[in-house]
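> Pasting a predicted model and its sequence here:
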Amino acid sequence: MEISDKIYVAGHNGMVGSAIVRKLKSLGFTNFLLKTSNELDLRNQSEVFDFLKTEKPNYVFLAAAKVGGIVANNTFRGQFLYENLQIQNNVIHGSYLAGVKKLMFLGSSCIYPKLAPQPLKEDYLLTGLLEPTNEPYAIAKIAGIKMCEAYRDQYGCNYISVMPTNLYGPNDNYDLNNSHVLPAMIRKFHEAKLENKPSVELWGTGSPMREFLHANDLAEACVYLMENYNDSTLVNIGTGVDVTIKELAETIKSEVGYEGEIVWNTEKPDGTPRKLMDVSKLNALGWKHSIELKDGIAMVYNEYKALHS
């Protein structure tokens, strides 16, 4: 990418998109196309096609998506499937029509089969059944990956796909109804501390294992791959290190300074038993994460406190 290139970051207000914009700005890029969902509805085909045809960006980071945790994914199944398909279909095909030089599609680790061997290698895609609770979201993301591959095959488009692991960082969603596990825990422990609650209830058994990547590390990896990777096969982005949900809870509890008890509601679902990315391909391409989980949690808790003090 040249400094003068016009870059469209779809989803620039979200955790991922905003991290990519921050990273690009730190490298000296200034020619951004940034539209809020009120200014440009990515579900609206004609709006998206007109926008891309008129603006003609050189590079597109497709980081816009309808996202959420177990509850949201399981409750709004039709909405998650429909809206994510609409968003990615419009941006990917619109980019092709507009002659975009290169596009990056950001997927999710939930694309892999529920019981796939661990750690998850890129070639495990479509080798087994998905986790039922977020299957619609995963199906949409798999369609996006395959669309990038198909447009590369049929039209010669330089479209690449990356699969981030579980993310956390600035501009995360802390709504307990539809947030992911890490931000939800930060909010729960913080509020319990303020209210002197004797205990905090968390879902499941605490035994599932998860990997967490700070959004700043993801953004760094995305920019690195946009500049250095041009193959059709997807690339996992993660740390290659995982912890149990129980260990995560204890780490956040300690960072927040909450002194009550943790109560595990085992009637609630655990979700996938383990989800760890194999990042050997990414490491071989020359990139490795730099923010360790304990340090990252301290960073985001300080940001959360600043917003909710």
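Perfect, thanks for sending it. Numbers count the residues shown, from 1 in each chain.

> isn't L218 right next to L167, touching?
Yes. Assessed by CB atoms under 8 Å, L218 is found in contact with L167 at 6.0 Å. Using the backbone N, CA and C atoms, a C-beta is placed for each residue, glycine as well.

> any common contacting residues for the two?
Taking CB atoms under 8 Å, 6 or more residues apart in numbering as the contact rule, L218 and L167 both touch V16.

> Those two: who's more crowded?
L218 (27 against 24; other CB atoms under 10 Å).

> Please identify the helix or strand for the residue nearest to G257 when sequence neighbours are not counted.
Excluding its sequence neighbours, the residue lying closest to G257 (CB to CB, 6 or more residues apart in numbering) is K193, at 6.2 Å. Per DSSP states H and E: K193 is located in helix 181-194.

> again with N84
helix 77-98.

> quick one: the helix or strand just after that helix to chain centroid distance?
For helix 77-98, the succeeding helix or strand toward the C-terminus, using DSSP H and E, is strand 102-106. Counting by CA atoms, centre = their mean, to the nearest Å, strand 102-106 is centred 13 Å from the centre of its parent chain.

> Strand 102-106 - contacts with which helices or strands?
Here strand 102-106 touches strand 59-62, helix 77-98, helix 135-155, strand 159-164, helix 215-228, going by 3 or more CB pairs under 8 Å, 6 or more residues apart in numbering; DSSP states H and E.

> separation between the nearest residue in space to K56 that is not next to it in sequence and V91?
Spatially, and ignoring its direct neighbours in sequence, K56 is nearest to A98 (5.5 Å; CB to CB, 6+ apart). Separation of A98 from V91 (CB to CB, to the nearest Å): 10 Å.

> neighbour-wise, which of the two wins?
Legend: neighbour count by other CB under 10 Å for A98 and V91, higher for V91 (26 against 19).

> count of residues packed around the residue nearest to that one when sequence neighbours are not counted?
Closest residue to V91 apart from its sequence neighbours, by CB to CB, 6+ apart: L62 at 5.2 Å. Around L62 there are 25 other residues, counting by other CB under 10 Å.
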